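A.B. asks: Quick one, fold the following:
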Amino acid sequence: MVKSHGALFSILKSPDLEGQRYNAIVADFDSPMLTPEWEKFLAQCTLARIPVYSEKKIREFVTGRVKIKHLSENVFGSLLPSEIYESIKRWIDFLSALFLIPIFLPFFIIIAILIKLESKGPALFIQPRMGFRGKVFPMLKFRSMYTNKEGGRFTNPNDDPRITRIGKIIRKFRIDELPQLFNILIGQMSFIGPRPESFELSQWYEKDVPFFAYRHVVRPGISGWAQVEQGYAAEVEGMNVKLEYDFYYIKNFSFWLDLLITFKTIKTILTGFGAR
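C.D. replies: This next block holds a predicted model:
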């Protein structure tokens, strides 16, 4: 017996259930070890109303990640996410941003004043990021660091001398991301999607993952599947795992996954999990 992600698995050594009851059978349909005897066994399991699942699908389901050794198609057998849902989602994003910006505007002004009072420099931090279909755009954030302090490229976020006092608070609860409502309004971002990377990091990632640019097939988001499952990991250490989460999101691009991420994001904001 092997326990993984809350599920209990038992490895069959021969094409026989040996009188045991199983909820489902998981098999690697592409394995050269899948002999005619095993194929007959799987067919018999199906006739007996025992579900037989692809090992690849189950692995993705229980981990919420897609292996990035090669590109992986979606449930429709295509690399292109649903264009219908993409259009619907764009309208949802636009109308939601249009509704929220006037509500948050007084709050934006207060945060900007607090940032300016604590340290010199602009209230907003603007950085070029790789966006939808590989287009670079200026992503907006509230400035959370001093402008006159330097640190290592990948400094520990829990002990980074560059972060201001107000910066620690707004980063913990993702308040620094709120100006991206304007990015959403004009179509550069979405509420939910893979986090946009800088142009330099995107080029660096493509050295290890040639099809890294595929993550730009959907609009980047304020929050995403990788953030609610993994947290905001260090860029280098968590790169491969983060990409596996991102590609899982793209492969399963849907309203229901976005809804799940939305609920998990609300929980993240309330608990401060994954703060940078």
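A.B. asks: in the helix or strand where residue 267 lies, what's buried?
C.D. replies: Taking DSSP states H and E as the criterion, the element that holds residue 267 is helix 255-271. Within helix 255-271, the residues that count as buried by 16 or more other Cβ atoms under 10 Å are 257, 258, 261, 264, 265, 268. The C-beta positions use only the backbone N, C-alpha and C, and glycine is treated the same way.
A.B. asks: Next: stretch 138-146.
C.D. replies: Within stretch 138-146, the residues that count as buried by 16+ other Cβ under 10 Å are 139, 140, 141, 142, 143, 144, 145, 146.
A.B. asks: Can you redo the residues you listed as TSV, where the extra columns are pLDDT, distance to residue 180 and secondary structure?
C.D. replies: As requested, the buried residues of stretch 138-146 are exported to TSV (pLDDT from 0 to 100; distance: Cβ to Cβ, whole Å; DSSP: H, G, I helix; E, B strand; the rest coil):
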residue	pLDDT	distance to residue 180	secondary structure
139	96	7	strand
140	96	6	strand
141	95	7	strand
142	95	10	strand
143	93	14	coil
144	91	14	coil
145	89	17	strand
146	87	22	coil
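A.B. asks: which residues of the stretch 151-276 of the chain score low on pLDDT?
C.D. replies: Within the stretch 151-276 of the chain, the segments meeting pLDDT under 70 span 151-159, 231-238, 272-276.
A.B. asks: where exactly do the strands run in it?
C.D. replies: Taking DSSP state E, counting those that start in this stretch to define them, one finds strands in the stretch 151-276 of the chain at 190-192, 221-223.
A.B. asks: Grab the longest helix from this protein for me.
C.D. replies: Longest helix of the chain, by residue count under DSSP state H: helix 83-118.
A.B. asks: That one relative to helix 255-271, how many degrees between them?
C.D. replies: 20 degrees (axes from the mean of the first three to the mean of the last three Cα atoms, to 10 degrees).
A.B. asks: what packs against helix 83-118?
C.D. replies: strand 136-142, helix 165-172, helix 180-185, strand 190-192, helix 255-271 (3 or more Cβ pairs under 8 Å, 6 or more residues apart in numbering; DSSP states H and E).
A.B. asks: What residues sit buried inside the third one?
C.D. replies: Think helix 180-185. For helix 180-185, burial by neighbour count (16+ other Cβ under 10 Å) applies to 180, 181, 183, 184, 185.
A.B. asks: ok, now how distant is the third one from residue 254?
C.D. replies: Meaning residue 183. Separation of residue 183 from residue 254 (Cβ to Cβ, to the nearest Å) stands at 23 Å.
A.B. asks: likewise the last one?
C.D. replies: Distance of residue 185 to residue 254, given as Cβ to Cβ: 23 Å.
A.B. asks: what's the answer for the second one, then?
C.D. replies: Taking Cβ to Cβ as the measure, residue 181 falls 23 Å from residue 254.
A.B. asks: Pull up the distance across stretch 180-194, start to finish.
C.D. replies: Stretch 180-194 has an end-to-end distance of 14 Å (Cα to Cα, to the nearest Å).
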